[in-house]
Every structure is written in structure tokens, then in C-alpha cells.
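>>> would you be able to build a 3D model of this:
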Amino acid sequence: MNTRIIHKIKSGISGILISALLTALPLCLPVFAGEKDPKAAQPEKQVSVKITDDKKPAEAISLYDLPTCLSIAEKNNIQLKLSDSRRKTAEADALQARIPLNVKMDFNAGYTYLNPTIQQTFPAVPPAQPSVIDITTQDNYKANLTVTKTLTTFGRAENRIKAADLQSKAKVSDYEYSKSKIKFLVKQNYYYVLSQKGLADTASENLTLTGEQYDVAKKLNKEGVLPGFDVRQANLKTMVARQSFITQQNSYMKNTAAFLNLLGIDSARKDILLAPVSGILEDMPFLKDEQALINTAFENRDDIKSAVLLVESSRKHLASANASANPSVGLMAQYENHTKTAFSTQDQWTGMITLQIPVIDGGTKTAEVKKARENLFQAEQQLQQLKDDVKLDVIQSVLDYTDARCRYETSETEVTVAGENYKIALERYKSGISTNVELDSALNDLNSAKVRKINSIYSLQTAIAKLEYATGKDFNTGEKLCSNRQ
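Okay, the predicted model is just below:
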């Protein structure tokens, strides 16, 4: 009876409710057995039919593997969407920086209606009559087309354009780096949820084993081998194991919800199950070569690429500031068509080359140069700090990997030995030649070994993912996690 109840408890809250119903049912059997009136049993049948009619089919379980989760996060994650938006904003800024050197064209047109009242009289030698000429017309129109083009600013606008282009490329690298960061977080949380599922399964196995011990204790008590205290103690262990299972199961469900939130999908969904990882990457010598991995990181990391581009952009801004007092040369062409009068023609073409030379700028150049020089210094220091951080990150990741690999290989043997030791202790307990203290110790050792193995698998998987993130390289495929966009 206890074994059946334990199995129902492991199925979750629904199992507990069903178990409670089954426990209460025998108490009601005498009442049902004494009921002779068939009408009295009718309400129970109606309730049963109603439950059957209202029962909804269970939701189909969706099995999500790691590649599927990575693809979903890349589409739905809000941080990636914001990073992509910043990339597009930088592209717009690069287009806007080109405006001063782009061709500009303006068109103006106007129409005016006037009465021809203004006249001009030209005197003549008598006896000839003076001549009168109207210099205005009744309908007046005017239209002109102006085209301007700045030919060169001798480095002022040109360097600003180059700086904006570099900043746009830096945002592209930032976006790619954000993708690699989200990819690492998805992997880390995916492995963590699987570890929580493993711990929940271990707690379930422990609940089953304690239930079996409880049954053995009751049997030996009936045979007079064990006192009643051992039975009560075994029952207490079963209750503790039940509570541990419920706690671990709830932890697994909470972490699953947090993982779904990271993917950008509904965290309340209960129909998603994560597929276990088929295997673990084999131990490879190059994963422990710190210098080679550091060189790989400097070559592949998109955040370093972005920092390099920002340094180059700052240099272009400094060059533009130094050229802020340089002259500029432009070209202008204009065509005008208007009402023909006695003093003007109907068509008029104008073309000129303009030269603009700043004389006194009020200290603008000095301020711009000083600011640009400090921005360049900050960008260079940030690049150096980033390289130092990446180097430290790689070194720490290598050490974490080495430690996790060792613990993983040891945990395999620990579980095997602890399992055999528990079987021996259980047989000795059943035979009455050992106490429950020995059996409890063996069970605790087995559970601890299982937990250490699960944690070592998670640590090793996370350490490999962290090495991939730190170096920007996928060790499973040999392909780079980050792009090579320049």
C-alpha cells in the first residue's frame, strides 16, 4: 500500500489528490454496501458521467532540443532585438554623416497676377509724340532650379564619414557579440535545467528506496527481528524523502519557467520538455592550451573587434577635429525661367565655384581637438582592458574545465561503487545481520554520489560552453560562434 502511494506522489500534485481519494474510499464502502435504494446511488453515477464528459485531453508534450532553443532565443530574445535596433540606428547615422558631401537640388516656383498700371514714358524730340512702355505684365511667373555640391572640406567632413562607417561596423560586431552571449546563457541554463531534472529523478529514486526500506522494516518487525522504533524511523525517512522530492520537483519547474522566459516564450507553458544531451565532448589537449585559446579569442571575439573599430573611429574623429579650420570648396549651378520684360531675358543660367575659409572660429577647433583626443585615449584604454579581461576569462575557463573534467571522470566510479555498496547493505539488513544505521549510511552515500555526478556533468557542460564563449569558437563543430564581419 505504501509503495503504491509513493508512486502516486512522484507523479506530482495530481498523484497526491488521487492517493487521497483512494485512501478515503474504503471508509465510504460500508455506507455504499448498506445502501439498498438504487436511487441513492444514482447521484454518484451522475458525478462519474459528468467528470468523464468534462475531461479534456492532455496537452501533447513538445520536446525541445538545444539547437531548437538557440534558434528560438535568437528570434525572440529582447536583448538581441535591442542590439539589432542599435545596429540599424548606427547605419542611419552613417547615412546621415554623408549629407554634407551629397548633391543637393532645390526647386522654387511662383506666380503673381498684377494689373499693368506701372508705365515708363520715354521723351521724344518735338513734334514727335513721347513713347509709353509698360514694364510690368499682367501675368508674372518665376521658377528656378539650384544644384549645389561640396567638392571637398580637406578632411573635415570626410573623416567624420569614415568615423560613422566604423561606428556602424562596431555596432554590427556588438550585435554578433550579443548573439554569442545569449547563446552561452541559453546553453548554461539549458544544462542547469537538465541538472535540476536529474536531481528530481534522484530524489524520486530515493523516495522509492526509502519506501522499500519501510516495507522491509515492517516485515522484519512482524517477524520480531526489529523493534517498532525502527519502523517509525523508516517511516520518518520516507516522509523526509517525500518532502525532498517535492522540493526538488518544484525547483525544476521554477528553473524551467525561468529558462522559457530567457527564450522569449510563455514561461507558464507546461507542455515543454527539454531533450537530454546525447553526449559530452571528449577531452582534447588543445582545450588546456591557454596561450592558443587566448590567441583564438583575440582573433574571434566580436567585442574585441567592436573595440578595435571604435578606436579607429576615434582616430577619424580626431583627424576631423584637426581639419575643422580647413577651407571648403563647393560648386553651384542654377537655372532660372521667369516672365520676360524689357530689362530681362526669359532664361538665365548661373554657375560658380565657392571657396569658404574660416578666419576666426572662437576656439571651436581647440575644443573639438581636445575632446577627440581624450575620446581616443579612452577607447584605447577600454580596448586594452577588454583584452586583459578576455585573457583572464580564458585562463579561468581552462582551469574550470580541467577541474570539471576530473570530477566528472571520478563521479562515474563513485556511483558504481556506491550502488554496489547499497545493494550489499540492503541484503545484510534484510537478513537481520546489520542495523539501519549501516543501511542509511549506504543510501546517503549513494544519493551523494548521484548528486555529485549530476553536478559534475552540469559543471563540465557549462565549462565547455564557457570556453566556447570566451574564445568565440564552437569546439563541437570547429566553427566560429562569432561572425567575421569587418
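
>>> what sits up against stretch 374-384?
I304, A307, V308, L310, V311, S313, S314, R315, H317, L318 (Cβ atoms under 8 Å, 6 or more residues apart in numbering). In this view, the C-beta of every residue, glycine as well, is placed from N, C-alpha and C.

>>> might one say that F298 is in contact with K387?
Yes - between F298 and K387 there is a contact at 6.8 Å, judged by Cβ atoms under 8 Å.

>>> between those two, which contacts overlap?
I304.

>>> strands along this protein, start to end?
Assigned by DSSP state E, the chain shows strands spanning 62-64, 104-113, 119-122, 131-134, 139-152, 272-274, 328-338, 347-356.

>>> low-confidence bits of the chain, can you list those?
1-59, 114-138, 341-345, 476-486 (pLDDT under 70).

>>> look up how far I272 lies from the most centrally placed residue in it.
Note on the chain: the residue nearest the mean C-alpha position is I182, at 3.6 Å, using Cα atoms, centre = their mean. As judged by Cβ to Cβ, to the nearest Å, I182 and I272 stand 19 Å apart.

>>> can you show me the helices along the protein?
Applying DSSP state H to the chain gives helices spanning 2-10, 13-34, 38-54, 66-76, 78-97, 156-222, 228-263, 290-300, 302-322, 364-431, 436-471.

>>> now the ones you listed in CSV, with distance to M352?
Converted to CSV, the helices of the chain look like this (distance: least, Cβ to Cβ, whole Å):
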stretch, distance to M352
helix 2-10, 90
helix 13-34, 86
helix 38-54, 88
helix 66-76, 55
helix 78-97, 26
helix 156-222, 20
helix 228-263, 62
helix 290-300, 53
helix 302-322, 27
helix 364-431, 27
helix 436-471, 59
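
>>> any idea which of those helices gets closest to L331?
helix 156-222 (15.0 Å; Cβ to Cβ).

>>> now the angle from that closest one to strand 328-338?
Per axes from the mean of the first three to the mean of the last three Cα atoms, to 10 degrees, the angle that helix 156-222 makes with strand 328-338 is 110 degrees.

>>> residues touching the closest residue to R160 other than its chain neighbours, list them.
Leaving aside its chain neighbours, R160 sits nearest to S320 (4.7 Å; criterion: Cβ to Cβ, 6 or more residues apart in numbering). By Cβ under 8 Å, 6+ apart, the residues touching S320 are G155, R156, A157, E158, N159, R160, A163, A372.

>>> what does I457 give?
Applying Cβ under 8 Å, 6+ apart to I457 gives the contacts Y191, S195, G198, I280, Y408, S411.

>>> and if you look at L194?
L274, P276, V277, Y458.

>>> can you tell me how far G211 sits from V311?
66 Å.

>>> neighbour count winner among the two?
G211 (24 against 20; other Cβ atoms under 10 Å).

>>> the more buried one contacts M239, correct?
No - between G211 and M239 there is no contact under Cβ under 8 Å: 10.6 Å.

>>> tell me how far V437 lies from N102.
Counting by Cβ to Cβ - V437 and N102 are separated by 87 Å.

>>> can you pull the contacts of Q196?
Here Q196 is in contact with Q248, S251, Y252, N255, T256 (Cβ under 8 Å, 6+ apart).

>>> relative to V451, how far out is it?
Counting by Cβ to Cβ, the separation of Q196 from V451 is 11 Å.

>>> the residue nearest to R160 and S306, how far apart?
Counting by Cβ to Cβ, the gap from S320 to S306 is 21 Å.

>>> what's the burial count for K316?
K316: 22 surrounding residues under other Cβ under 10 Å.

>>> give the contact list for the closest residue to D445 other than its chain neighbours.
Of all residues not flanking D445 in the chain, A418 sits nearest, at 4.8 Å (Cβ to Cβ, 6+ apart). By Cβ under 8 Å, 6+ apart, the contact set of A418 is A442, D445, L446, S448, A449, K450.

>>> filter these down to the buried ones, ChimeraX style.
Buried residues within the contacts of A418, by 16 or more other Cβ atoms under 10 Å, are selected in ChimeraX with:
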select :442,445,446,449,450
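
>>> just the contacts of A418 now: which is nearest L95?
Closest to L95, out of all of the contacts of A418 and judged by Cβ to Cβ, is K450, at 59.7 Å.

>>> against I464, how distant is the closest residue to the closest one other than its chain neighbours?
Of all residues not flanking K450 in the chain, T202 sits nearest, at 4.6 Å (Cβ to Cβ, 6+ apart). Computed with Cβ to Cβ, the distance linking T202 and I464 is 23 Å.

>>> what does E420 give?
30 Å.

>>> quick one, which of these two is more surrounded?
Shown here are E420 and I464; by other Cβ under 10 Å, I464 has more neighbours (22 against 12).

>>> rewinding a little: look up how far P100 lies from the residue nearest to K450.
68 Å.

>>> so between the two, which is more surrounded?
Neighbours were counted for T202 and for P100 using other Cβ under 10 Å; T202 has more, 21 against 15.

>>> quick one: contacts for that one?
The contact partners of T202, by Cβ under 8 Å, 6+ apart, come to Q248, N447, K450, V451, I454.

>>> V147 too?
Counting by Cβ under 8 Å, 6+ apart, V147 has contacts V103, K104, M105, M332, A333, Q334.

>>> ok, now A234?
With Cβ under 8 Å, 6+ apart, A234 has these contacts: T210, Q213, Y214, V216, A217, K218, N436.

>>> E412 too?
K453.

>>> now swap in the one 3 residues further on and tell me
Neighbour list for V415: L446, A449, K450, K453 [criterion: Cβ under 8 Å, 6+ apart].

>>> switch to 7 Å and redo it
Counting by Cβ atoms under 7 Å, 6 or more residues apart in numbering, V415 touches A449, K450, K453.

>>> which one is it nearest to, not counting chain neighbours?
Closest to V415 by Cβ to Cβ, 6+ apart is A449, at 4.6 Å.

>>> show me the contacts for K387.
Going by Cβ under 7 Å, 6+ apart, K387 touches F298, I304.

>>> I'd like to know how far it sits from D393.
Remark: distance between K387 and D393 (Cβ to Cβ) = 11 Å.

>>> contacts for stretch 365-372 next, please.
H317, L318, A321, N322, S324, A325.

>>> same thing with stretch 271-290?
Taking Cβ under 7 Å, 6+ apart as the rule, stretch 271-290 contacts 59-66, 190, 193-194, 260, 292, 394-395, 398, 401-402, 405, 460-461, 464, 467, 475-476.

>>> what about D303, how many neighbours?
Around D303 there are 22 residues (other Cβ under 10 Å).

>>> now do the same contact list for it.
Listed by Cβ under 7 Å, 6+ apart, the contact set of D303 reads Y177, L386.

>>> how about 8 Å then?
Contact partners of D303, counting by Cβ under 8 Å, 6+ apart, are S173, D174, Y177, L386, V390.

>>> ok, and the most crowded of the residues you listed?
Neighbour counts for the contacts of D303, by other Cβ under 10 Å, peak at S173, which reaches 25 neighbours.
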